[in-house]
Structure formats: structure tokens, C-alpha cells
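give me a 3D structure for the following:
(chains A and B)
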Amino acid sequence: MDASQLIMIFISMVFINNFILSKFLGLCSFIGVSKETGPAMSMGLAVTFVTTMSSIITWLIYRFVLIPFDITYMRTISFILVIATFVQLVEMFIRKTSPHLYKFFGIYLPLITVNCAVLGVAVLNSETFFSGSRIMPGSFIFSVVQGFFAGAGYCLAMLLMSGIRERLELVRVPRSFKDVPLAFVIASLMSLAFMGFSGFKF
Amino acid sequence: MMEILIPVLTLASLGMIFGVGLAIAAKKLCVEQDPKISAVFSHLPGANCGACGMAGCMGFAEGLINGTCTVERCVVASEKIRTEISKILGVEAKAKIKTAAVLHCNGGNKVKDKFQYQGIKDCVAANQLQGGQKACVWGCLGFGSCAKVCPFSAITMSQETGLPVVDESKCTACGNCVKICPKHLFTLIDVKKPVYIACSSHDKGKAVMDVCKVGCIACLKCEKQCAPGLFKVKDNLSQIDYNSYVPCDDCIKVCPTSTIRKRGA
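Got it, this is the predicted structure:
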């Protein structure tokens, strides 16, 4: 493991394979919570937190439960189970220990439980850092870093989108285009721009 | 047989462990909530307008229980609802002073434009361009951002004067217009004290007269005419001290530019 690999993961997850704009995961919250910068930021941070933590536990589950029993094909359902449990636990824990943080995350934390971006990170981790039942050296650190930067990429896309939509509030657009339809158009244009990092693939 | 049993058992035991873990955690980490909060919340209007300054009705209910705010802060709730909530809290409800928004500008169509504005028909947007198209930089731009933002449709734009008109009976003093107006022309004033200054210009008398014939020119006539301390001219603009308010019509008559006005007249 060296720094260059970590930087590669950073650039890959934030720009080239941005979860929202290149992989099209987590679009529901991308459209739903991006009307204002404040909530978009909270959502982005909450997602970053959950993707990082779920990378850790899904790695543990994959490495110590699924591989030894040779049931790696069950990963989707077991990952969902683990992530859902974990988010519940974290929510309870935060509520008990830090009411301020609980207020800050608000409804976003339970919302993320079923966000496909979170599951996407876990699946991607198990695909890139394990080949079949063989484990890549340093795969744990890579998984955590990849989870963190996937969240950071999500955060970046959310902030860009909310900035654009806040400005659009002042502009008169045809009524049929107001709000969500326009957001879809913007999302596709942004996605085109992000395609510039990797080039078109057919 | 084994290839079915192993995944089933593994997942079942995983689920078992997580389920038991969550159940224990729920008991250990449980946060007790005051049952009064939900009782108060069920009586609140549920509009989440934010006029009380808290984050929605739930935040207001929590604030009531903690004692950080009082029932009177809710402007939407009726008298009946307020007494019921007070009963839950065990405190006496105070009579709330009904306030309504007033516009401190008299100009509108009477003020000329200094340039032709062709941008977005919105006060906030227009204000970003040289402070708007009106010759008076203090006054109403007339694009009706206040009327658009009013959730109770209490504000209508008058074609005749080019100014917003507040319907007192519909106004709940939520303060949305106060916040949106880029010229800060609205204030919430007690409806029982209907006299107000319909101007916000801090320019000198001559500069005001050049652009608007109905603005305050700081002639001090109101200050001399009426009860001492009621009117105070500060920074070239007359201001009313509502704490020492006494009903009087002389000030309205004496004002040479009829800037002192009575609500609804």
C-alpha cells in the first residue's frame, strides 16, 4: 500500500466514477434533498459517514462470514441486513450521546438506510478488493478509503446541484419545467460534464 | 441439502444476532421523551411556518416544555388552541397583542423610474441591479415579492398605486414579507395603534422632494404638534415611539406631504 494508490482511489471515486454523476446511484436523494445548500450539506456528510462505516462492517462480514462459508453470492441481502442494522444502531447511539449531532443529521440518517449508493459502495468494495475468495493485500484500508471518498464525491455533487438550484429559484422558467423536471435536465448536463473525466464509453 | 442449509442458517443467525443486538441497544440507549411534548404538538396548527422562530411545530412544542418560549409566540394558533395548550403547560395564557404588517412607503407609481428595468419581475432580483429601477433607492420596487411570499394571501398588489396592500384581517404576522422585502419596508405593528410613517427614506428633504412628493422631508412639524416623545425625527426620517402611543389625528393633518398615515385609510 502506498500513497499513490490512495490518491488514485480519491480521484477515481470523486471525479471519474462519481457515484451520482457517473454511476447514477443514489439519484433519489440527489433530486429530493438538493433544493437548499444547508440540508444538502447535512445529507452529504451523513452519507459520507455511513458509507465509510458500512465499508468497514461489510468488509468484516464479507471476509469473516461469507468467504469462510463459501456463500459470497448472498452478499446483497447480507449487506442490506448489516447496513440497516448499523444505521439503526448509530441513530440510537447519536440520539443518546449527542442531541446536537442528532438534530444536525435529523431525518437524513434513517433515510440513507436504503440508499443504493451505500449498498453500491459495499458491493464495489467486495468486487474490486476481493477476486472470488482471494483477498487483496491491504484491502481493508482500501475499502475504508474508497467508502470515504465515495461519500465525498456524493457530497460534491450535492453541493454543486444545490448551488445551481438555489440560483434557479429566482429565474422564471416555464411552469411545466419548474422544480424536478429542470433538476433532471441539470443533472444530465452535469453528468455529461463529469463524463469528460473518463471519456465516452460505448 | 448442505448448500441450502448453510446460507439459510448463516443468514438466520446473522439476523438473530442483529435483532437481539438492536433490541438490547434500544433498551440501553433509549431516550425518554416528555409525554407532554406530543400532547402539546397535537394541538399546534402543524403548518411549520416558523413564525415562532423555532424549527417547525415540533421544535416549538419542545421549546414550550423547556420554557425557552411562550405560547404567545405562535401567531397562527387561535385563542382557543392557546388556552388549551396553556392548560397542558399549567400556566395562564396571556392575551396576545394582534399585530399586522404595514408598508413604510408611499411612493409606488408616484415615483419615477431612473432606468428601464427589463429583467426578472422580482424585487430581490431587481434590487441586485443598482438597487432597483426606482428613482428613490429606499422605496418599494413594486414587483410584489411580498405578495408572492404571503402564505395567507393577505397582500395584494394595487394596480392604481403600484404598492402592496395588506389585508389586516387575513394577516397573521408571520413575518415572511418582512424577511423577503429587499428594501426592508415592512414592520409588524399593533393593529390598535394604526398610525404609521409611510416612508423609509433617510435622504435630506430636498432630495426626497426631487424624486417623490409623498415622502418624509423631516420638517419636524409632527414632533412639535403632538404629544412629546411620540414622534422623533432621526436621520431625516420621522419615527413613532409605539410605547408612548396616544390616539391622535392632528399629526396626520399637520404632515405637509401626508406621509403620516392611518391604516386602512
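
and the pLDDT for the closest residue to residue B:226 other than its chain neighbours?
Nearest non-adjacent residue to residue B:226, counting by C-beta to C-beta, 6 or more residues apart in numbering or on different chains: residue B:251, 4.8 Å away. C-beta coordinates here come from the backbone N, C-alpha and C atoms, glycine included. With respect to pLDDT, residue B:251 scores 80.

neighbours of the closest residue to chain A within the stretch 101-250 of chain B, how many?
Proximity of the stretch 101-250 of chain B to chain A (C-beta to the nearest C-beta) peaks at residue B:125, 5.3 Å away. As a burial measure, residue B:125 scores 19 neighbours (other C-beta atoms under 10 Å in any protein chain shown).

distance between the longest helix belonging to chain A and the chain's centre?
Using DSSP state H, we find that the single longest helix of chain A is helix A:139-168. Relative to its chain's centre, helix A:139-168 lies at 7 Å (C-alpha atoms, centre = their mean, to the nearest Å).

please name the residues that touch residue B:161.
Contacts for residue B:161 (C-beta atoms under 8 Å, 6 or more residues apart in numbering or on different chains) come out as B:108, B:109, B:110.

again, but for residue A:151
Residues counted as contacts of residue A:151 (C-beta under 8 Å, 6+ apart) are A:44, A:47, A:48, A:49, A:50, A:51, A:52, A:121.

list the buried residues of the next helix or strand after the longest helix of chain A.
Using DSSP states H and E, the next helix or strand after helix A:139-168 towards the C-terminus is helix A:180-198. Within helix A:180-198, the residues that count as buried by 16 or more other C-beta atoms under 10 Å in any protein chain shown are A:182, A:183, A:186, A:187, A:190, A:194.

surely the last one and residue A:17 touch.
Spelled out, that is residue A:194. No. In this structure, residue A:194 is not within contact of residue A:17 by C-beta atoms under 8 Å, at 9.4 Å.

give me the buried positions along stretch A:28-40.
Going by neighbour count (16+ other C-beta under 10 Å), the buried part of stretch A:28-40 is A:29, A:30, A:31, A:33, A:34, A:35, A:39, A:40.

please tell me how far the second one sits from residue B:220.
So that's residue A:30. 60 Å (C-beta to C-beta, to the nearest Å).

count of residues packed around residue A:100?
Neighbours of residue A:100 using other C-beta under 10 Å come to 8.

surely it forms part of a helix?
Yes. Counting by DSSP: H, G, I helix; E, B strand; the rest coil, residue A:100 falls inside a helix.

for chain B, see how far away it is.
Residue A:100 is 13 Å from chain B, where distance means C-beta to the nearest C-beta, to the nearest Å.

where's that residue relative to residue A:94, distance?
The value you get for residue A:100 to residue A:94, if C-beta to C-beta is used, is 9 Å.

likewise for residue B:219?
Taken as C-beta to C-beta, the span from residue B:219 to residue A:94 is 62 Å.

give me the three-state assignment for residue B:239.
strand.

near chain A, which residues of the stretch 101-250 of chain B are found?
Applying C-beta under 8 Å from any C-beta of the partner chain, one finds that the stretch 101-250 of chain B approaches chain A through B:120, B:121, B:122, B:124, B:125.

could you say which helix or strand holds the residue lying closest to the second one once chain neighbours are set aside?
I take that to be residue B:121. The shortest distance from residue B:121 to any non-neighbouring residue, by C-beta to C-beta, 6+ apart, is to residue B:143 (5.1 Å). Of the helices and strands defined by DSSP H and E, none includes residue B:143.

how about the residue nearest to residue B:226, secondary structure?
helix.

touching, it and residue B:231? I think so.
Yes. Between residue B:251 and residue B:231 there is a contact under C-beta under 8 Å: 6.7 Å.

which neighbours do those two have in common?
In contact with both residue B:251 and residue B:231: residue B:222, using C-beta under 8 Å, 6+ apart.

who's in contact with the spatially most central residue of chain B?
In chain B, the centroid-proximal residue (C-alpha atoms, centre = their mean) is residue B:175; its distance is 0.5 Å. Counting by C-beta under 8 Å, 6+ apart, residue B:175 makes contact with B:51, B:101, B:188.

so who does the second one touch?
Contacts were defined as C-beta under 8 Å, 6+ apart; by that measure residue B:101 touches B:154, B:155, B:166, B:171, B:173, B:175, B:177, B:178, B:186, B:187, B:188, B:189.

equivalent analysis for the last one, please.
For residue B:188, the contacting residues are B:99, B:100, B:101, B:173, B:175, B:178, by C-beta under 8 Å, 6+ apart.

could you dump those residues into a markdown table and include pLDDT and secondary structure?
Putting those into a markdown table (pLDDT from 0 to 100; DSSP: H, G, I helix; E, B strand; the rest coil) gives the following:
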| residue | pLDDT | secondary structure |
| --- | --- | --- |
| B:99 | 83 | strand |
| B:100 | 87 | strand |
| B:101 | 89 | strand |
| B:173 | 81 | coil |
| B:175 | 83 | coil |
| B:178 | 90 | helix |
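
can I get these in JSON lines including distance to residue A:57?
Shown next, in JSON lines, are those (distance: C-beta to C-beta, whole Å):
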{"residue": "B:99", "distance to residue A:57": "55"}
{"residue": "B:100", "distance to residue A:57": "57"}
{"residue": "B:101", "distance to residue A:57": "54"}
{"residue": "B:173", "distance to residue A:57": "51"}
{"residue": "B:175", "distance to residue A:57": "47"}
{"residue": "B:178", "distance to residue A:57": "49"}
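
return the member of the residues you listed nearest to residue A:147.
residue B:175 (43.7 Å; C-beta to C-beta).
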